[in-house]
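Q: how would this look folded up:
(one chain, ligands or ions: 1)
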Amino acid sequence: MTLLERFLDYVKIDSQSDPDSSTVPSTAKQLDVIALLVRQLKELGVPRVVEDGKGNVYATIPGNDPKKTTSIGLMAHVDTATEMSGKNVRPQVITNYDGGVITLSHELGVVLDPTVFPSLTFHRGKTLVTTSGDTLLGADDKAGVAILMDFVQFVMQTPSYRHGPIQIGFTCDEEIGRGVTHFDPALFQATFAYTLDGGDLHRINVENFNASSAVVRFQGKAIHPGSAKNQMVNAQTLAARYHLSLPTDQIPETTEGYEGFIHLTQSTGGVESAELRYILRNHDLKKLEALEALMQTKVDALNSALDTPRLTITIQRSYYNMKSIIDQHPDILKRVNDAYQALNLPLYYEPIRGGTDGAMLTYKGVPTPNLATGGYNFHGKYEYFVVEDGLMMVEVLKRIFAY
Ligand SMILES: [Zn+2]
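A: Model (predicted):
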(Lines give C-alpha, C1' and ligand atoms only; values in the text may rest on other atoms or scores of the structure.)
Protein backbone atom coordinates (compact mmCIF):
# COMPACT_ATOMS: atom_id res chain seq x y z
CA MET A 1 0.00 0.00 0.00
CA THR A 2 1.39 3.43 -0.89
CA LEU A 3 1.48 6.47 1.37
CA LEU A 4 -1.01 8.22 -0.93
CA GLU A 5 -3.45 5.28 -0.86
CA ARG A 6 -3.29 5.22 2.93
CA PHE A 7 -3.81 8.95 3.21
CA LEU A 8 -6.87 8.87 0.92
CA ASP A 9 -8.38 5.99 2.92
CA TYR A 10 -7.89 7.76 6.24
CA VAL A 11 -9.25 11.18 5.23
CA LYS A 12 -12.45 9.60 3.88
CA ILE A 13 -13.33 8.46 7.41
CA ASP A 14 -15.04 11.22 9.38
CA SER A 15 -13.29 11.37 12.77
CA GLN A 16 -13.89 14.86 14.15
CA SER A 17 -13.66 15.30 17.90
CA ASP A 18 -16.26 17.28 19.87
CA PRO A 19 -15.34 19.84 22.56
CA ASP A 20 -18.88 19.74 24.02
CA SER A 21 -18.82 16.00 24.65
CA SER A 22 -17.62 14.57 27.96
CA THR A 23 -17.25 10.96 26.74
CA VAL A 24 -13.86 9.28 26.22
CA PRO A 25 -13.08 9.60 23.37
CA SER A 26 -15.32 12.59 22.71
CA THR A 27 -16.84 10.98 19.59
CA ALA A 28 -17.30 7.26 18.83
CA LYS A 29 -16.44 7.78 15.16
CA GLN A 30 -12.78 8.35 16.04
CA LEU A 31 -12.73 4.67 16.99
CA ASP A 32 -13.43 3.81 13.32
CA VAL A 33 -9.92 5.02 12.47
CA ILE A 34 -8.44 3.47 15.60
CA ALA A 35 -9.98 0.06 14.72
CA LEU A 36 -8.63 0.28 11.16
CA LEU A 37 -5.13 1.14 12.44
CA VAL A 38 -5.17 -1.74 14.93
CA ARG A 39 -6.13 -4.12 12.11
CA GLN A 40 -3.47 -2.75 9.77
CA LEU A 41 -0.74 -2.90 12.43
CA LYS A 42 -1.62 -6.55 13.09
CA GLU A 43 -1.76 -7.34 9.35
CA LEU A 44 1.72 -5.87 8.97
CA GLY A 45 2.88 -8.27 11.69
CA VAL A 46 3.58 -5.76 14.48
CA PRO A 47 3.96 -8.10 17.49
CA ARG A 48 2.50 -5.88 20.23
CA VAL A 49 -0.67 -3.91 19.57
CA VAL A 50 -2.72 -2.68 22.54
CA GLU A 51 -5.95 -0.67 22.38
CA ASP A 52 -6.85 0.66 25.83
CA GLY A 53 -10.61 1.17 25.41
CA LYS A 54 -10.15 4.96 25.62
CA GLY A 55 -9.12 5.43 22.00
CA ASN A 56 -5.37 5.13 22.52
CA VAL A 57 -3.26 2.60 20.64
CA TYR A 58 0.15 1.47 21.89
CA ALA A 59 2.26 -0.75 19.63
CA THR A 60 5.85 -1.96 19.69
CA ILE A 61 8.28 -3.14 17.03
CA PRO A 62 11.27 -4.56 18.95
CA GLY A 63 14.72 -3.48 17.84
CA ASN A 64 16.80 -5.85 15.71
CA ASP A 65 20.23 -4.39 16.44
CA PRO A 66 21.73 -4.92 19.92
CA LYS A 67 23.74 -1.71 19.50
CA LYS A 68 20.59 0.41 19.11
CA THR A 69 18.89 0.27 22.48
CA THR A 70 17.07 3.60 22.93
CA SER A 71 13.31 3.07 22.85
CA ILE A 72 11.85 5.89 20.74
CA GLY A 73 8.19 6.73 20.21
CA LEU A 74 6.20 8.09 17.28
CA MET A 75 2.74 9.57 17.71
CA ALA A 76 -0.10 10.91 15.62
CA HIS A 77 -3.70 11.80 16.39
CA VAL A 78 -6.71 10.42 14.52
CA ASP A 79 -9.21 13.21 15.18
CA THR A 80 -9.62 16.19 12.87
CA ALA A 81 -10.38 19.83 13.59
CA THR A 82 -13.82 21.14 14.41
CA GLU A 83 -13.74 24.43 12.48
CA MET A 84 -15.34 22.97 9.38
CA SER A 85 -17.18 19.78 8.40
CA GLY A 86 -15.01 16.67 8.14
CA LYS A 87 -17.84 14.55 6.74
CA ASN A 88 -17.85 13.27 3.14
CA VAL A 89 -14.33 14.47 2.45
CA ARG A 90 -13.75 14.08 -1.29
CA PRO A 91 -10.00 14.50 -1.74
CA GLN A 92 -8.68 15.64 -5.13
CA VAL A 93 -5.28 14.44 -6.29
CA ILE A 94 -3.27 16.83 -8.47
CA THR A 95 -0.24 15.21 -10.03
CA ASN A 96 2.70 17.20 -11.39
CA TYR A 97 1.31 20.49 -9.99
CA ASP A 98 1.99 23.31 -12.46
CA GLY A 99 2.21 26.10 -9.87
CA GLY A 100 -1.05 27.73 -10.95
CA VAL A 101 -4.46 28.35 -9.38
CA ILE A 102 -6.21 25.13 -8.30
CA THR A 103 -10.01 25.07 -8.52
CA LEU A 104 -11.37 23.30 -5.46
CA SER A 105 -15.03 23.79 -6.38
CA HIS A 106 -16.46 25.32 -9.56
CA GLU A 107 -19.92 25.44 -7.94
CA LEU A 108 -18.78 27.28 -4.80
CA GLY A 109 -16.10 29.29 -6.58
CA VAL A 110 -13.40 28.15 -4.16
CA VAL A 111 -9.81 28.20 -5.41
CA LEU A 112 -6.34 27.62 -4.00
CA ASP A 113 -4.36 30.59 -5.26
CA PRO A 114 -0.55 30.80 -4.95
CA THR A 115 -0.76 34.60 -4.55
CA VAL A 116 -2.89 34.04 -1.43
CA PHE A 117 -0.99 30.93 -0.25
CA PRO A 118 2.65 31.43 -1.34
CA SER A 119 3.64 28.04 0.13
CA LEU A 120 2.12 26.52 -3.03
CA THR A 121 4.91 27.96 -5.18
CA PHE A 122 7.41 25.60 -3.54
CA HIS A 123 5.52 22.50 -4.67
CA ARG A 124 5.67 22.80 -8.45
CA GLY A 125 5.97 19.36 -10.06
CA LYS A 126 4.79 17.53 -6.93
CA THR A 127 1.61 15.59 -6.12
CA LEU A 128 -0.90 17.57 -4.06
CA VAL A 129 -4.04 16.35 -2.32
CA THR A 130 -6.67 19.05 -1.79
CA THR A 131 -10.27 19.30 -0.61
CA SER A 132 -13.29 19.75 -2.85
CA GLY A 133 -13.88 23.18 -1.35
CA ASP A 134 -16.71 22.32 1.05
CA THR A 135 -14.99 20.38 3.87
CA LEU A 136 -11.63 20.30 5.59
CA LEU A 137 -9.12 17.73 4.38
CA GLY A 138 -7.98 16.34 7.70
CA ALA A 139 -4.29 16.27 6.77
CA ASP A 140 -4.00 17.41 10.40
CA ASP A 141 -3.31 14.76 11.42
CA LYS A 142 -4.15 12.01 8.90
CA ALA A 143 -0.92 12.95 7.10
CA GLY A 144 0.95 12.11 10.31
CA VAL A 145 -1.00 8.85 10.67
CA ALA A 146 -0.25 7.87 7.05
CA ILE A 147 3.48 8.70 7.39
CA LEU A 148 3.72 6.69 10.60
CA MET A 149 1.97 3.67 9.03
CA ASP A 150 4.06 3.90 5.86
CA PHE A 151 7.18 3.83 8.02
CA VAL A 152 5.86 0.82 9.97
CA GLN A 153 5.16 -0.98 6.68
CA PHE A 154 8.74 -0.27 5.53
CA VAL A 155 10.22 -1.56 8.80
CA MET A 156 8.11 -4.74 8.84
CA GLN A 157 8.84 -5.54 5.19
CA THR A 158 12.56 -4.75 5.25
CA PRO A 159 14.37 -7.20 7.54
CA SER A 160 17.75 -5.78 6.46
CA TYR A 161 16.82 -2.40 8.00
CA ARG A 162 18.61 -2.23 11.36
CA HIS A 163 16.82 -0.21 14.01
CA GLY A 164 16.23 0.21 17.74
CA PRO A 165 12.91 -0.39 19.55
CA ILE A 166 10.03 1.55 17.91
CA GLN A 167 7.07 2.56 20.05
CA ILE A 168 3.92 3.63 18.22
CA GLY A 169 1.15 5.73 19.74
CA PHE A 170 -2.18 6.83 18.25
CA THR A 171 -4.44 9.19 20.18
CA CYS A 172 -7.91 10.76 19.93
CA ASP A 173 -9.15 14.25 20.90
CA GLU A 174 -5.94 16.21 20.26
CA GLU A 175 -7.87 19.04 18.61
CA ILE A 176 -9.90 19.63 21.76
CA GLY A 177 -6.85 19.61 24.04
CA ARG A 178 -7.42 16.17 25.56
CA GLY A 179 -5.02 14.14 23.42
CA VAL A 180 -2.78 12.87 26.21
CA THR A 181 -5.21 13.19 29.13
CA HIS A 182 -5.73 9.42 29.17
CA PHE A 183 -2.48 8.48 27.42
CA ASP A 184 -0.34 6.19 29.58
CA PRO A 185 3.46 6.65 29.28
CA ALA A 186 3.95 3.25 30.97
CA LEU A 187 2.09 1.51 28.11
CA PHE A 188 3.86 3.68 25.52
CA GLN A 189 7.30 2.53 26.81
CA ALA A 190 9.24 5.27 24.99
CA THR A 191 12.26 7.10 26.46
CA PHE A 192 11.44 10.04 24.24
CA ALA A 193 9.16 10.50 21.27
CA TYR A 194 8.17 12.65 18.32
CA THR A 195 4.69 13.73 17.35
CA LEU A 196 4.07 13.78 13.59
CA ASP A 197 1.70 16.71 13.73
CA GLY A 198 3.47 19.68 12.14
CA GLY A 199 3.18 21.26 8.70
CA ASP A 200 5.99 22.50 6.48
CA LEU A 201 8.59 19.78 5.78
CA HIS A 202 11.43 22.06 6.86
CA ARG A 203 10.12 22.96 10.29
CA ILE A 204 10.39 21.34 13.69
CA ASN A 205 8.67 22.55 16.88
CA VAL A 206 10.70 22.23 20.05
CA GLU A 207 9.35 25.24 21.90
CA ASN A 208 5.86 26.12 22.96
CA PHE A 209 4.46 28.79 25.24
CA ASN A 210 4.58 28.81 29.01
CA ALA A 211 1.01 29.56 29.95
CA SER A 212 -1.05 30.84 32.84
CA SER A 213 -4.53 32.17 33.31
CA ALA A 214 -5.70 35.03 35.49
CA VAL A 215 -9.12 35.91 36.85
CA VAL A 216 -9.58 39.46 38.17
CA ARG A 217 -12.71 40.12 40.22
CA PHE A 218 -14.14 43.59 40.89
CA GLN A 219 -16.43 44.34 43.82
CA GLY A 220 -18.68 47.33 43.15
CA LYS A 221 -21.49 48.93 45.12
CA ALA A 222 -24.90 48.89 43.45
CA ILE A 223 -27.30 51.69 44.28
CA HIS A 224 -30.30 53.10 42.40
CA PRO A 225 -28.75 55.37 39.74
CA GLY A 226 -31.15 58.18 40.75
CA SER A 227 -29.56 58.46 44.19
CA ALA A 228 -26.08 57.24 43.34
CA LYS A 229 -24.11 60.44 43.79
CA ASN A 230 -20.98 59.82 45.92
CA GLN A 231 -22.33 56.35 46.70
CA MET A 232 -22.25 54.03 43.69
CA VAL A 233 -19.14 52.13 42.65
CA ASN A 234 -19.66 50.58 39.23
CA ALA A 235 -17.68 47.32 39.05
CA GLN A 236 -17.70 47.47 35.24
CA THR A 237 -15.96 50.87 35.32
CA LEU A 238 -13.31 49.43 37.61
CA ALA A 239 -12.88 46.53 35.18
CA ALA A 240 -12.47 48.92 32.26
CA ARG A 241 -9.94 51.03 34.19
CA TYR A 242 -7.97 47.92 35.10
CA HIS A 243 -7.93 46.56 31.57
CA LEU A 244 -6.84 49.89 30.09
CA SER A 245 -3.96 50.06 32.60
CA LEU A 246 -2.38 46.97 30.94
CA PRO A 247 0.12 47.36 28.09
CA THR A 248 -1.40 47.54 24.61
CA ASP A 249 1.74 46.29 22.85
CA GLN A 250 1.64 42.86 24.53
CA ILE A 251 -1.61 41.47 23.15
CA PRO A 252 -2.17 38.75 20.51
CA GLU A 253 -3.06 41.35 17.86
CA THR A 254 0.34 43.04 18.13
CA THR A 255 2.73 40.14 18.77
CA GLU A 256 4.37 37.28 16.86
CA GLY A 257 7.31 34.86 17.06
CA TYR A 258 8.78 34.85 20.55
CA GLU A 259 6.73 37.84 21.79
CA GLY A 260 4.40 36.98 24.63
CA PHE A 261 1.04 38.50 25.47
CA ILE A 262 -1.76 39.13 27.95
CA HIS A 263 -5.09 38.33 26.32
CA LEU A 264 -8.52 39.26 27.67
CA THR A 265 -10.68 36.24 26.83
CA GLN A 266 -13.92 37.10 28.64
CA SER A 267 -15.59 39.88 30.55
CA THR A 268 -18.76 39.48 32.55
CA GLY A 269 -20.61 41.34 35.27
CA GLY A 270 -22.77 44.30 36.21
CA VAL A 271 -22.68 47.24 38.61
CA GLU A 272 -22.31 45.16 41.77
CA SER A 273 -19.59 42.85 40.57
CA ALA A 274 -17.56 42.11 37.46
CA GLU A 275 -14.95 39.64 36.31
CA LEU A 276 -12.22 39.68 33.65
CA ARG A 277 -10.57 36.49 32.45
CA TYR A 278 -7.13 36.55 30.89
CA ILE A 279 -4.59 34.17 29.46
CA LEU A 280 -0.87 34.99 29.70
CA ARG A 281 1.72 33.51 27.36
CA ASN A 282 5.49 33.65 26.88
CA HIS A 283 8.13 31.18 25.67
CA ASP A 284 10.46 32.48 28.39
CA LEU A 285 9.33 31.51 31.89
CA LYS A 286 11.03 34.58 33.44
CA LYS A 287 9.06 36.81 31.08
CA LEU A 288 5.82 34.99 31.88
CA GLU A 289 6.52 35.59 35.56
CA ALA A 290 7.03 39.27 34.75
CA LEU A 291 3.61 39.39 33.05
CA GLU A 292 2.03 37.77 36.11
CA ALA A 293 3.76 40.28 38.40
CA LEU A 294 2.61 43.16 36.20
CA MET A 295 -1.02 42.09 36.49
CA GLN A 296 -0.65 41.89 40.27
CA THR A 297 1.01 45.33 40.43
CA LYS A 298 -1.85 46.90 38.47
CA VAL A 299 -4.36 45.30 40.84
CA ASP A 300 -2.48 46.73 43.84
CA ALA A 301 -2.24 50.17 42.24
CA LEU A 302 -5.96 50.42 41.54
CA ASN A 303 -6.84 49.02 44.99
CA SER A 304 -4.76 51.67 46.74
CA ALA A 305 -6.51 54.41 44.74
CA LEU A 306 -9.98 53.24 45.89
CA ASP A 307 -11.94 53.82 49.10
CA THR A 308 -11.37 50.17 49.97
CA PRO A 309 -9.64 47.27 48.11
CA ARG A 310 -12.16 46.12 45.51
CA LEU A 311 -9.97 43.99 43.24
CA THR A 312 -8.75 40.43 43.73
CA ILE A 313 -6.68 38.39 41.33
CA THR A 314 -6.11 34.63 41.00
CA ILE A 315 -3.31 33.43 38.74
CA GLN A 316 -2.86 29.79 37.75
CA ARG A 317 -0.23 28.06 35.62
CA SER A 318 -1.66 26.05 32.71
CA TYR A 319 1.32 24.45 30.94
CA TYR A 320 5.03 24.89 30.33
CA ASN A 321 7.46 25.22 27.44
CA MET A 322 8.92 21.77 26.73
CA LYS A 323 12.26 23.15 25.52
CA SER A 324 14.06 23.18 28.88
CA ILE A 325 13.39 19.44 29.26
CA ILE A 326 14.18 18.54 25.65
CA ASP A 327 17.48 20.41 25.99
CA GLN A 328 18.48 17.95 28.73
CA HIS A 329 18.43 15.15 26.11
CA PRO A 330 20.52 16.43 23.18
CA ASP A 331 20.14 13.08 21.39
CA ILE A 332 16.49 13.89 20.58
CA LEU A 333 17.31 16.78 18.28
CA LYS A 334 20.68 15.49 17.12
CA ARG A 335 18.94 12.55 15.44
CA VAL A 336 16.62 14.91 13.60
CA ASN A 337 19.35 17.38 12.64
CA ASP A 338 21.58 14.60 11.30
CA ALA A 339 18.70 13.05 9.35
CA TYR A 340 17.87 16.35 7.67
CA GLN A 341 21.53 16.98 6.95
CA ALA A 342 22.00 13.51 5.43
CA LEU A 343 18.99 14.16 3.18
CA ASN A 344 20.25 17.64 2.32
CA LEU A 345 17.09 19.27 3.67
CA PRO A 346 17.16 22.67 5.39
CA LEU A 347 15.65 22.58 8.90
CA TYR A 348 14.23 25.51 10.85
CA TYR A 349 13.18 25.63 14.49
CA GLU A 350 9.78 27.28 14.76
CA PRO A 351 8.34 28.23 18.16
CA ILE A 352 4.70 27.25 18.61
CA ARG A 353 2.44 30.06 19.83
CA GLY A 354 0.30 27.66 21.83
CA GLY A 355 0.56 24.31 23.57
CA THR A 356 0.96 20.82 22.10
CA ASP A 357 0.15 17.29 23.20
CA GLY A 358 3.87 16.63 22.99
CA ALA A 359 4.50 19.43 25.49
CA MET A 360 2.06 17.88 27.94
CA LEU A 361 3.58 14.44 27.35
CA THR A 362 7.02 15.97 27.96
CA TYR A 363 5.85 16.95 31.43
CA LYS A 364 4.44 13.42 31.90
CA GLY A 365 8.02 12.17 31.50
CA VAL A 366 8.35 11.55 27.74
CA PRO A 367 10.13 14.47 26.02
CA THR A 368 8.29 14.89 22.70
CA PRO A 369 9.02 17.60 20.09
CA ASN A 370 6.88 17.89 16.98
CA LEU A 371 7.93 16.86 13.45
CA ALA A 372 6.56 17.94 10.08
CA THR A 373 4.00 16.10 7.93
CA GLY A 374 3.95 18.00 4.65
CA GLY A 375 0.42 19.25 5.30
CA TYR A 376 -0.45 22.95 4.88
CA ASN A 377 -3.26 25.43 5.70
CA PHE A 378 -4.64 23.22 8.47
CA HIS A 379 -8.21 23.39 9.83
CA GLY A 380 -10.15 24.48 6.77
CA LYS A 381 -11.08 24.05 3.13
CA TYR A 382 -7.69 25.31 1.89
CA GLU A 383 -5.86 22.46 3.56
CA TYR A 384 -3.58 20.42 1.29
CA PHE A 385 -1.03 17.64 1.57
CA VAL A 386 2.16 17.27 -0.47
CA VAL A 387 2.76 13.55 -1.04
CA GLU A 388 6.51 13.91 -1.80
CA ASP A 389 6.99 15.82 1.48
CA GLY A 390 5.22 13.02 3.35
CA LEU A 391 7.49 10.46 1.69
CA MET A 392 10.51 12.55 2.64
CA MET A 393 9.39 12.42 6.28
CA VAL A 394 9.41 8.61 6.04
CA GLU A 395 13.06 8.92 4.92
CA VAL A 396 13.72 11.17 7.94
CA LEU A 397 12.18 8.54 10.26
CA LYS A 398 14.32 5.77 8.73
CA ARG A 399 17.43 7.72 9.73
CA ILE A 400 16.17 8.67 13.20
CA PHE A 401 15.58 5.02 14.15
CA ALA A 402 18.73 3.62 12.49
CA TYR A 403 20.90 6.04 14.45
ZN1 LIG B 1 -2.84 18.13 14.78
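Q: now do residue 139 against the ion, distance only.
A: Using Cβ to the ion, to the nearest Å, we find residue 139 at a distance of 9 Å from the ion. Every residue, glycine included, has its C-beta placed from N, CA and C.
Q: surely that residue and residue 383 touch.
A: Yes: here residue 139 reaches residue 383: they are 5.3 Å apart, a contact under Cβ atoms under 8 Å.
Q: give the contact list for residue 85.
A: 134-136 (Cβ atoms under 8 Å, 6 or more residues apart in numbering).
Q: overlap in contacts of residue 139 and residue 383?
A: 375-376.
Q: with respect to the ion, which of the contacts of residue 85 is nearest?
A: Checking these against the ion by Cβ to the ion gives residue 136 as the nearest, at 11.6 Å.
Q: and the residue nearest to residue 285 when sequence neighbours are not counted, what are its bridge partners?
A: Leaving aside its sequence neighbours, residue 285 sits nearest to residue 210 (Cβ to Cβ, 6 or more residues apart in numbering; 5.0 Å). Under DSSP bridges, the beta-bridge partners of residue 210 are residue 282.
Q: I'd like to know how far residue 210 sits from residue 353.
A: For residue 210, the distance to residue 353 (Cβ to Cβ, to the nearest Å) stands at 12 Å.
Q: more crowded one of the two?
A: A side-by-side neighbour count of residue 210 and residue 353, using other Cβ atoms under 10 Å, places residue 210 first with 27 against 18.
Q: distance of the more buried one from residue 194?
A: 21 Å.
Q: which phi and psi does residue 59 have?
A: Dihedral angles of residue 59 (phi, psi; degrees, to the nearest 10) stand at phi -140, psi 150.
Q: show me where the stretch 201-350 of the chain has helices.
A: Per DSSP state H, counting those that start in this stretch, the stretch 201-350 of the chain carries helices over the ranges 235-244, 285-304, 323-326, 330-342.
Q: residue 139 and residue 383: who's more crowded?
A: residue 139 (31 against 27).
Q: check contacts around the closest residue to the ion within the stretch 201-350 of the chain.
A: Here the stretch 201-350 of the chain gets closest to the ion at one residue, residue 205, 11.1 Å apart by Cβ to the ion. Counting by Cβ under 8 Å, 6+ apart, residue 205 touches 198, 349-352, 356, 358, 369-370.
Q: which of those residues come close to the ion?
A: Contacts with the ion within the contacts of residue 205, as defined by Cβ under 5 Å from the ion: none are present.
Q: export those to a markdown table and tack on secondary structure?
A: Formatted as a markdown table, these follow (DSSP: H, G, I helix; E, B strand; the rest coil):
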| residue | secondary structure |
| --- | --- |
| 198 | coil |
| 349 | strand |
| 350 | coil |
| 351 | coil |
| 352 | coil |
| 356 | coil |
| 358 | helix |
| 369 | coil |
| 370 | strand |
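Q: of those, which one scores lowest on pLDDT?
A: Within these, residue 356 has the lowest pLDDT, namely 83.
Q: what sits against that one?
A: Per Cβ under 8 Å, 6+ apart, neighbours of residue 356: 195, 197, 205, 208, 322, 370.
Q: enumerate the residues of the chain near the ion.
A: So far as Cβ under 5 Å from the ion goes, the chain lies against the ion at 140-141, 197.
Q: and the contacts of residue 356, which of them are in strands?
A: Residues of the contacts of residue 356 located in strands (DSSP state E): 195, 370.
Q: now the contacts of residue 356: which count as buried?
A: Buried by 16 or more other Cβ atoms under 10 Å: 195, 197, 205, 208, 322, 370, out of the contacts of residue 356.
Q: list phi and psi for residue 206.
A: phi -120, psi -20.
Q: report how many residues lie close to it.
A: Neighbour number of residue 206 under other Cβ under 10 Å is 21.
Q: ok, and the closest non-adjacent residue to it?
A: residue 369 is the one closest to residue 206 (Cβ to Cβ, 6+ apart), at 4.5 Å.
Q: quick one: the one you found and residue 304, what's the gap?
A: Residue 369 is 45 Å from residue 304, by Cβ to Cβ.
Q: residue 329 now?
A: For residue 329, the distance to residue 304 - Cβ to Cβ - is 47 Å.
Q: who's more crowded, these two?
A: Using other Cβ under 10 Å as the criterion, residue 329 and residue 304 rank with residue 329 on top: 13 against 8.
Q: show me the domain layout of this structure.
A: Following automatic domain parsing, one gets these domains for the chain: 3-207+322-401, 218-319.
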